[in-house]
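In: Model the following, please.
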Amino acid sequence: MKKFRKVLDGLTTSSPASAGGSPSCGSAAGTPTAAPTPRELDVHETLMSEHFHICKTVRHGFPYQPTCLTFDPVQKILAIGTRSGGVRILGGPGVDCYSQHESGAAVLQLQFLINEGALVTACADDTLHLWNLRQRRPAILHSLKFNRERITFCHLPFQSKWLYVGTERGNTHIVNVESFILSGYVIMWNKAIELSTKTHPGPVVHLSDSPKDEGKLLIGFESGTIVMWDLRAKRTDFRIYYDEAIHSVSWHHEGRQFMCSHSDGSLSMWNLRNTAKPFQVTFPHGKSQRDGRKESCKPILKVEYKTCRNSEPFVIFSGGLSYDKAGRRPTLTIMHGKAITVLEMDHPIVEFIVLCETPYLNEVQEPYAVVVLLEKDFIVVDLTQSNFPIFENAYPMDIHESPVTCTAYFADCPPDIIPVLYSIGAKHKKTGYSHKEWPVSGGTWTVGSQTYPEIIITGHADGSIKFWDATAITLQMLYKLKTSKVFEKPKGAETGRSAELVEEDPYAVQMVSWCPQSRIFCVVGISAHVILYRFSKHDANTTITVRSLEVRLQCEMEEVISPSDTENTVCLTDPGGHSPQPQPPSPRSNMPDSARDSIPCLRVKDRMIRMPPGYQAELVVQLLWVDGEPPQQITSLDLNSAYGLLALGNCNGLAVVDYLQKTVILCMSTVELYGAADPFQRLTRSPRKNRQSTSDFCMRGLSNFYSDSKKRIRTSYQSKSRLPEEADGVGGQDHVNGHCTSPTSQPCVPGRPRVPGGPEGPRLSRRGPGRPPFRKAQSAACMEVSLPVSSLTEESRENSFSRSRSSSVSSIDRDTKEAVTTLLFAESYGRKSDALPTPCLWVGTSLGLMLLSSFSDYLLFPLFFIPLSGTVLMLKGSVLRFSFLDCAGCLIQSPYEVWRDVNAPEDPERPRRRKLVNFSPCSSQDAIGDGHLAVVCSERQAKVFLMPSQACLYVHNITESSFVLRADVVAVSNSVCLACFCANGHVMILRFTILTAIIFPVHRNASKIQD
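Out: Numbering: from 1, shown residues only. Here you go, the predicted model:
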């Protein structure tokens, strides 16, 4: 096995200097720099380079581009070869091993040394390899290279030490398996055929020993010539010349007759007593023509002839269909007596093998199953039942049933989540599988003592979501969710607007966000939509009502003129100057395509639908078309169940949604987030006509509530506190600055504004008593959001580009728009003057800017929302990840809501309440004032800030020649580190106190890997 190179790069022992000043970001890649620390940090780090070793544990999913298949009937394990030189060995559930040929040549054929723990592989580079399977990781013992001939077929008889190798020239070589060298015995093609034959018989396509006499070898040539060769006498017993090309040969167990499959779709039966002509020729799928002859059919690529004790023999073959209909799916035909069963496959058949009770060819075979390897699937057919059902696949081969478009990994999940998902998913599984046990049951597998719940979530191109149990290396599907059921199927002209955004797969999943504790699940689709799901063990009959919450905020900007000179912290003031626009026409209104506006890409179902137990849609947020332009795809998403807020962003701006009240509380362009603290100089365009500002009356209507909200004492976010879920109150108020209206409110008409009530009017407390509006447990809403559209025309500085994750490092797609690349809700310090942590939103953009803002006022009083104001920080490259550590260097988790079933029957004696869990930055009350550490990672750089002083403690320039694809802060061996996966195939592990890099080369070409 290849040993991975470990490099400890840029290790320094420099200690922080005096307070004040900022770090220099101009150091070379891999060289950390330390900024002054306001106080001594008590962070003990024990991680060293020798603690890390990257190794492959298991490979899940279907083998890519499979080429061949073999089976060991004694050990009951099978092996699959691939075009890239991989060998996948499978046994019982949990037994899965992957090996790779270093040459990368395609594997043409596999042969087990039955019951000996060894495997022979024949590759496209004309090399034979002998693998030892008895050790923990299979390894190659011997290799044999053919220099002058191309290998076409191999045969290894049971309990034999001789391997027969056929070549393209028609010769047959014999290899000693024990020494793995050529024996010198060669059956030359010109000796196998008659000397009077002037034509070459073609390559060897079949080799097999006679069940009756192992000293005789049957050789099949492509041209239709068949030769029985006597190995002892070194001569030919008989020769058969047939007009049609041969593809495969199968023996009867008595050794007196055999069957051949041909290129014209026929099967011929031959008897050794009379080899002049076949005693039977059949066209299983051929029709009789007028002249009495059978029509030609497609070639039968392989045939298996297996006998049974108490019934007629089985004849199983692939192909052989007639040419009369085009576009037919691949088939596997099972002939049992006079009954013919045709099994249609979804993908082309690569190879199939019939599993029999005995490994001896001279005994009655008694077939019981057929293993069928398809190009993109793997199935096993039960032959013991008349309807031939298939076995439920014991391996996760259907991961790529629909192409995987996103993945997410969750460790240390709540212990009850996996059984719950499995019990719900088991109710929706397909029926009709064979009731017998999985026939490939070989190998042994033991569960490790140190296991913890792991879940992998995959999103697919057809809009489906799959939850997988990845505990203890195995992978088992727990639950499947189809997001497309939320939408109506496009019809007629409606397909036009979605087709302009995505050519196909309009429901493809782009990213997911899951809170295992609250079981709230969010899905981002490629059609610029977000679906929020809640988990319930009970059925729900609900309507996904289309409620349009449209915010017509547009701010057209020119490109950046010049960046700021420094990366020092910039305090952000109130941006102000927002211009909400009048409500657009309804999406249901009839309008010409040229004037189509304020319409989502997909139409949500607006009728009563039944939602089975499991994840049930509660809210749909859709970005709208603006001025004939489709919405941009969503680039970032974060959800916090304790706050009840959902944030999403794209290259145009940011939107924050209150999913408890089903309202949009913020929608603004990326440039407007900074206000006067924008580190770049930008030129604004003149505003468009027919756009009337309504911010004045909205400010007057809600300004009186500000003083009351300031008087409230925030007592809701204590650790594991229980809060009332429902309350008394009246909705229907507008939010500040015209950023949104309540779902049931009428649109603001220019000239006739709807002013909310005064200070004596009804109020809502989000965390206190009172019923928040629109909190129906069995209803869901669809929100349509029109994000601001910004138009930037010139190149910016180094950070103003976003790369295609599938391109090479040197291939840069310069995009001048500033996109929101990452979002995170957390308990932090929005300003330097904050004494205690408050709920904050961290925003990272593609220009390397970080915006930090507190929204605690909104949580105290939902009718009031202050525009984002806080802190702007800067990094090199697009911001990828935020994370927080306490004073001792331990990871701080975000607060969450404990799961409760909203559809469960209510108990009048025990009213349902929201139970929230909050994690303080430090354990002791005295240490809270000391703040916490904020770790920020971008495509090129990583920084550690001390909050609330916002002092940059450590900086590390991760890379200059490449860029980081994914990054995360993880806990390893009672310590915390930053893990980065770069486009050059390196996994880098960084410690925090000195940001030292530990580099592991993992992939040769990782630029195509995103997750």
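In: Spit out the contact partners of residue 372.
Out: For residue 372, the contacting residues are 332, 345, 349, 352, 378-381, by C-beta atoms under 8 Å, 6 or more residues apart in numbering. Any C-beta I mention is one placed from the backbone N, CA and C, and that applies to glycine too.
In: Of those residues, which belong to strands?
Out: Counting by DSSP state E, those place 332, 349, 352, 378-381 in strands.
In: if we can go back for a sec, show me which of the contacts of residue 372 are buried.
Out: The neighbour-count criterion (16 or more other C-beta atoms under 10 Å) marks 332, 345, 349, 352, 378-381 among the contacts of residue 372 as buried.
In: Could you export those residues as JSON lines, including pLDDT and distance to residue 191?
Out: Below are these laid out as JSON lines (pLDDT from 0 to 100; distance: C-beta to C-beta, whole Å):
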{"residue": "332", "pLDDT": "94", "distance to residue 191": "38"}
{"residue": "345", "pLDDT": "92", "distance to residue 191": "41"}
{"residue": "349", "pLDDT": "94", "distance to residue 191": "36"}
{"residue": "352", "pLDDT": "95", "distance to residue 191": "34"}
{"residue": "378", "pLDDT": "91", "distance to residue 191": "42"}
{"residue": "379", "pLDDT": "92", "distance to residue 191": "43"}
{"residue": "380", "pLDDT": "94", "distance to residue 191": "42"}
{"residue": "381", "pLDDT": "95", "distance to residue 191": "42"}
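In: Could you dump these into CSV and include distance to residue 931?
Out: Formatted as CSV, those follow (distance: C-beta to C-beta, whole Å):
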residue, distance to residue 931
332, 67
345, 62
349, 64
352, 65
378, 54
379, 58
380, 59
381, 64
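In: Nearest to residue 917 among the contacts of residue 372?
Out: The nearest member of these to residue 917, counting by C-beta to C-beta, is residue 378 at 43.2 Å.
In: Quickly list what the closest one is bridged to.
Out: Legend: beta-bridge partners of residue 378 under DSSP bridges are residue 373.
In: so residue 876 is in which element?
Out: Under DSSP states H and E, no helix or strand contains residue 876.
In: Backbone dihedrals for residue 677, both of them.
Out: phi -90, psi 20 (degrees, to the nearest 10).
In: hang on, it packs against residue 872?
Out: Yes. Between residue 677 and residue 872 there is a contact at 5.3 Å, judged by C-beta atoms under 8 Å.
In: In terms of neighbours, single out the busier of these two.
Out: Relative neighbour count places residue 872 above the other of residue 677 and residue 872, with 22 against 19, counting by other C-beta atoms under 10 Å.
In: pLDDT weak spots in the stretch 401-550 of the chain?
Out: Within the stretch 401-550 of the chain, the segments meeting pLDDT under 70 span 446-450, 491-503, 543-550.
In: ranges for the strands of it?
Out: 404-411, 454-460, 464-469, 476-482, 509-515, 520-525, 529-536, 540-547 (DSSP state E, counting those that start in this stretch).
In: Using CSV, please lay out the ones you listed together with distance to residue 391 and mean neighbour count.
Out: Listed next are the strands of the stretch 401-550 of the chain as CSV, based on distance: least, C-beta to C-beta, whole Å; neighbours: other C-beta atoms under 10 Å:
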stretch, distance to residue 391, mean neighbour count
strand 404-411, 24, 16
strand 454-460, 23, 22
strand 464-469, 20, 22
strand 476-482, 15, 19
strand 509-515, 29, 21
strand 520-525, 31, 25
strand 529-536, 31, 25
strand 540-547, 34, 18
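In: Dump these into CSV; add distance to residue 388 as well.
Out: Converted to CSV, those look like this (distance: least, C-beta to C-beta, whole Å):
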stretch, distance to residue 388
strand 404-411, 31
strand 454-460, 29
strand 464-469, 28
strand 476-482, 24
strand 509-515, 35
strand 520-525, 38
strand 529-536, 38
strand 540-547, 39
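In: who wins for proximity to residue 935 among the ones you listed?
Out: Among the strands of the stretch 401-550 of the chain, strand 404-411 comes nearest to residue 935, with 18.4 Å by C-beta to C-beta.
In: ok, and what's touching the closest one?
Out: 452-461, 470, 508-512, 514, 516, 526, 1011.
In: what about 6 Å?
Out: Under the criterion C-beta atoms under 6 Å, 6 or more residues apart in numbering, residues 454-461, 508-509, 511-512, 516, 1011 lie in contact with strand 404-411.
In: again with stretch 223-241
Out: For stretch 223-241, contacts defined as C-beta under 6 Å, 6+ apart pick out 187, 192, 201-202, 215-220, 242, 244-246, 275.
In: what about the strands in the stretch 151-300 of the chain?
Out: Along the stretch 151-300 of the chain, counting by DSSP E, counting those that start in this stretch, strands occupy 151-155, 162-167, 172-176, 181-187, 204-209, 216-221, 225-230, 235-241, 246-251, 257-262, 267-271, 280-282, 300-306.
In: Any chance of CSV for those, columns mean neighbour count?
Out: CSV is the format used below for the strands of the stretch 151-300 of the chain (neighbours: other C-beta atoms under 10 Å):
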stretch, mean neighbour count
strand 151-155, 22
strand 162-167, 23
strand 172-176, 19
strand 181-187, 14
strand 204-209, 22
strand 216-221, 23
strand 225-230, 21
strand 235-241, 15
strand 246-251, 21
strand 257-262, 23
strand 267-271, 19
strand 280-282, 15
strand 300-306, 22
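In: okay if I get those strands as JSON lines plus mean pLDDT and distance to residue 400?
Out: Formatted as JSON lines, these follow (pLDDT from 0 to 100; distance: least, C-beta to C-beta, whole Å):
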{"stretch": "strand 151-155", "mean pLDDT": "95", "distance to residue 400": "30"}
{"stretch": "strand 162-167", "mean pLDDT": "95", "distance to residue 400": "34"}
{"stretch": "strand 172-176", "mean pLDDT": "95", "distance to residue 400": "37"}
{"stretch": "strand 181-187", "mean pLDDT": "92", "distance to residue 400": "41"}
{"stretch": "strand 204-209", "mean pLDDT": "95", "distance to residue 400": "32"}
{"stretch": "strand 216-221", "mean pLDDT": "94", "distance to residue 400": "36"}
{"stretch": "strand 225-230", "mean pLDDT": "93", "distance to residue 400": "41"}
{"stretch": "strand 235-241", "mean pLDDT": "91", "distance to residue 400": "44"}
{"stretch": "strand 246-251", "mean pLDDT": "94", "distance to residue 400": "29"}
{"stretch": "strand 257-262", "mean pLDDT": "94", "distance to residue 400": "31"}
{"stretch": "strand 267-271", "mean pLDDT": "93", "distance to residue 400": "35"}
{"stretch": "strand 280-282", "mean pLDDT": "91", "distance to residue 400": "38"}
{"stretch": "strand 300-306", "mean pLDDT": "94", "distance to residue 400": "25"}
